[in-house]
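S.K.: Coordinates for the following, if possible.
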Amino acid sequence: KPELPKLIEAIYGIKAPAEPRDDLVSVFLTGVDGLNQPKGVRPSEQLRLNMTTPVTAKPDRLGVIAGDNQGYPNGRRLADDVIDISLRVVEGELRGNKTELGDGVDTNDVAFGDTFPYLALPASGSDTEPHDFARGGAQNASTDGVLARTAPVSAAVIGFAAMGFGLVGMSRRNRRHDSDTDVS
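M.R.: All right, here's what the predicted structure looks like:
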């Protein structure tokens, strides 16, 4: 009895598929029979991958629901549109309810690289004018010279600070616990 289809129905008026939802159990808990479901499977939330699936000549961003058995939910490639696939499956795609649900993002804004880790650095999220047309169009915040040099350092400083505060909190909690259990 998944809650998400009911919320989508309440907000967007798209009728929720009838229950029980065995189709969701196969995609998200057991693997798809004949594709990536192992023998003697026990339901659990994990990404399953059948390595014997032949490599496809024309990968499709919608993976298995578009007939590309090498795509999500049979593992996950970088270009698989997991959000669109999951929304469509939740709304009954595997039961014949064809829908065009999606998040409106069909490709990455930055091309994949040729070497590991293949992904571009994340945008800073703090570019105050992401569409500054005076500079010749939309700019990726991570390509600005100063930001490209300082963003990783800033992230590291914030990470270490958060870790430090966590350790201080643990130390204080342990001292309180020790004094609470002191029987002298």
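S.K.: Out of the helices and strands in the chain, which is least certain?
M.R.: Scoring the helices and strands of the chain by mean pLDDT, DSSP states H and E places helix 145-181 at the bottom, with a mean of 49.
S.K.: who touches Glu66 in this structure?
M.R.: No Glu there; residue 66 is Ala. Neighbour list for Ala66: Asp60 [criterion: CB atoms under 8 Å, 6 or more residues apart in numbering]. Where you see a C-beta, it was placed from the backbone N, CA and C, and this is true even at glycine.
S.K.: separation between it and Glu9?
M.R.: 25 Å (CB to CB, to the nearest Å).
S.K.: Then Val82?
M.R.: Val82 is 22 Å from Glu9, by CB to CB.
S.K.: So the two - more neighbours on which side?
M.R.: Val82 (17 against 14; other CB atoms under 10 Å).
S.K.: Kindly list the main-chain dihedrals of that one?
M.R.: Dihedral angles of Val82 (phi, psi; degrees, to the nearest 10) stand at phi -60, psi -40.
S.K.: Three-state assignment for Val105, please.
M.R.: Following DSSP: H, G, I helix; E, B strand; the rest coil, the label given to Val105 is coil.
S.K.: and it, how many residues sit next to it?
M.R.: Quick note: Val105 (other CB under 10 Å) scores 10 neighbours.
S.K.: That one and Thr99, how far apart?
M.R.: For Val105, the distance to Thr99 - CB to CB - is 17 Å.
S.K.: same check, this time on Asp114
M.R.: From Asp114 over to Thr99 the distance is 35 Å, taken as CB to CB.
S.K.: Please apply the same query to Leu29.
M.R.: In terms of CB to CB, Leu29 sits 22 Å off from Thr99.
S.K.: Asn36 - how many residues pack around it?
M.R.: Counted with other CB under 10 Å, Asn36 comes out at 23.
S.K.: Helix or strand: which one has it?
M.R.: For Asn36, there is no enclosing helix or strand under DSSP states H and E.
S.K.: I'd assumed Leu47 was in contact with it.
M.R.: No: applying CB atoms under 8 Å, one finds Asn36 not in contact with Leu47, separated by 9.2 Å.
S.K.: what touches both of those two?
M.R.: Shared contacts of Asn36 and Leu47 (CB under 8 Å, 6+ apart): Pro73, Gly75.
S.K.: Pass me the low-pLDDT residue ranges in the protein, would you?
M.R.: 127-128, 130-184 (pLDDT under 70).
S.K.: Let me see the ranges of the strands in it.
M.R.: With strands called from DSSP state E, the chain shows none.
S.K.: where do the helices sit along it?
M.R.: 4-12, 22-25, 82-90, 145-181 (DSSP state H).
S.K.: Next, the buried residues of the second one.
M.R.: If I follow you right, that is helix 22-25. Asp23, Leu24 (16 or more other CB atoms under 10 Å).
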